[in-house]
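Participant: attaching a predicted model along with its sequence, questions to come.
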Amino acid sequence: MSALFLSNLAAQRELLGQLHTLAPDVQAAGERIAQALRAGGKLLLCGNGGSAADAQHIAAELTGRFIQERRPLAAVALTTDTSALTCIGNDYSFDDIFARQLQAIARPGDVLLAISTSGNSRNVMRAVEVARSEGVISIGLLGRDGGALRALCDLSLVVPSTVTARIQESHILIGHTLCGLIEQELGLV
């Protein structure tokens with residue numbers, strides 16, 4: 001077997017051994033999202049790079065299906081509309097690409113899942129600031145020490161690692177867990 005694969009596997013196992021401390025907050029996040037969906041709200045997601053891909057992945061699990069056939073759930077990745085992203089980035093600022101979309105479509109009671117491995121992505125921070133002003137609950141899916149987003153978000157799930165790849169691997173585990181919890185909370189499984 002590849003030495004690099006074994007090294008990565010060992011590092012991820014070590015990190016996974018620490019993630020149990022996030023269990024109460026992951027549960028709370030799943031419950032908050034389910035509560036918003038039950039009340040007719042939606043889950044909005046954002047992030048950059050790999051976190052953008054995670055936002056799209058989680059949204060797809062909810063609008064499609066995760067565990068079994070069920071009704072689609074309202075989830076929108078703010079990372080997918082290239083026309084909006086490039087228009088807002090060009091006409092305003094890259095820092096505003098998610099904030100402007102939130103101003104357009106977010107409603108009080110919605111939830112924003114803000115994903116950032118550093119916790120310091122300016123455009124994600126701006127989105128959280130707008131979420132607060134719009135009455136939207138913000139949940140941070142973060143890494144390292146949580147960065148500036150840790151304090152900005154209503155609830156922060158911080159993966160305690162400094163390695164971006166390990167953080168992202170843990171983020172998708174948490175994202176899948178949130179999808180399962182949402183389905184359970186809504187009585188869909």
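Facilitator: It's in.
Participant: those helices in this structure, which residues are they?
Facilitator: Here the chain has its helices, by DSSP state H, at 3-16, 23-38, 50-63, 82-91, 97-105, 122-134, 149-152, 164-185.
Participant: make CSV from those helices and add mean neighbour count and mean pLDDT to it.
Facilitator: The C-beta positions use only the backbone N, C-alpha and C, and glycine is treated the same way. As requested, the helices of the chain are exported to CSV (neighbours: other CB atoms under 10 Å; pLDDT from 0 to 100):
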stretch, mean neighbour count, mean pLDDT
helix 3-16, 12, 95
helix 23-38, 18, 98
helix 50-63, 21, 98
helix 82-91, 13, 98
helix 97-105, 21, 98
helix 122-134, 21, 98
helix 149-152, 18, 98
helix 164-185, 20, 98
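Participant: dump the ones you listed into JSON lines; add distance to Leu73 as well.
Facilitator: Formatted as JSON lines, the helices of the chain follow (distance: least, CB to CB, whole Å):
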{"stretch": "helix 3-16", "distance to Leu73": "27"}
{"stretch": "helix 23-38", "distance to Leu73": "6"}
{"stretch": "helix 50-63", "distance to Leu73": "4"}
{"stretch": "helix 82-91", "distance to Leu73": "22"}
{"stretch": "helix 97-105", "distance to Leu73": "16"}
{"stretch": "helix 122-134", "distance to Leu73": "19"}
{"stretch": "helix 149-152", "distance to Leu73": "24"}
{"stretch": "helix 164-185", "distance to Leu73": "7"}
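Participant: tell me which of those helices sits nearest to Val158.
Facilitator: Evaluated over those, closeness to Val158 peaks at helix 149-152, with 6.2 Å, by CB to CB.
Participant: list the contacts of the closest one.
Facilitator: 114, 116, 119-121, 124-125, 128-129, 132, 138, 140, 142, 156, 158 (CB atoms under 8 Å, 6 or more residues apart in numbering).
Participant: same deal with stretch 163-179?
Facilitator: For stretch 163-179, contacts defined as CB under 8 Å, 6+ apart pick out 8, 11-12, 15-16, 19, 22, 26, 29-30, 33, 50-51, 54, 57-58, 61-62, 66-67, 113, 115, 117, 141, 143-144, 157, 159, 161.
Participant: alpha carbons only: can I get that stretch in PDB?
Facilitator: Extracted C-alpha coordinates of stretch 163-179, given in PDB (Å, rounded to 0.1, in the frame of the first residue of the first chain):
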ATOM      1  CA  VAL A 163      -4.600  20.400   7.600                       C
ATOM      2  CA  THR A 164      -7.100  21.500   5.000                       C
ATOM      3  CA  ALA A 165      -7.600  18.000   3.400                       C
ATOM      4  CA  ARG A 166      -8.300  16.500   6.800                       C
ATOM      5  CA  ILE A 167     -10.700  19.300   7.700                       C
ATOM      6  CA  GLN A 168     -12.600  18.800   4.400                       C
ATOM      7  CA  GLU A 169     -12.800  15.100   4.900                       C
ATOM      8  CA  SER A 170     -14.300  15.700   8.300                       C
ATOM      9  CA  HIS A 171     -16.600  18.400   6.900                       C
ATOM     10  CA  ILE A 172     -18.200  15.900   4.500                       C
ATOM     11  CA  LEU A 173     -18.700  13.400   7.400                       C
ATOM     12  CA  ILE A 174     -20.400  16.100   9.400                       C
ATOM     13  CA  GLY A 175     -22.400  17.200   6.300                       C
ATOM     14  CA  HIS A 176     -23.600  13.700   5.800                       C
ATOM     15  CA  THR A 177     -24.500  13.400   9.400                       C
ATOM     16  CA  LEU A 178     -26.500  16.600   9.200                       C
ATOM     17  CA  CYS A 179     -28.400  15.200   6.200                       C
END
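Participant: good, we can wrap up now.
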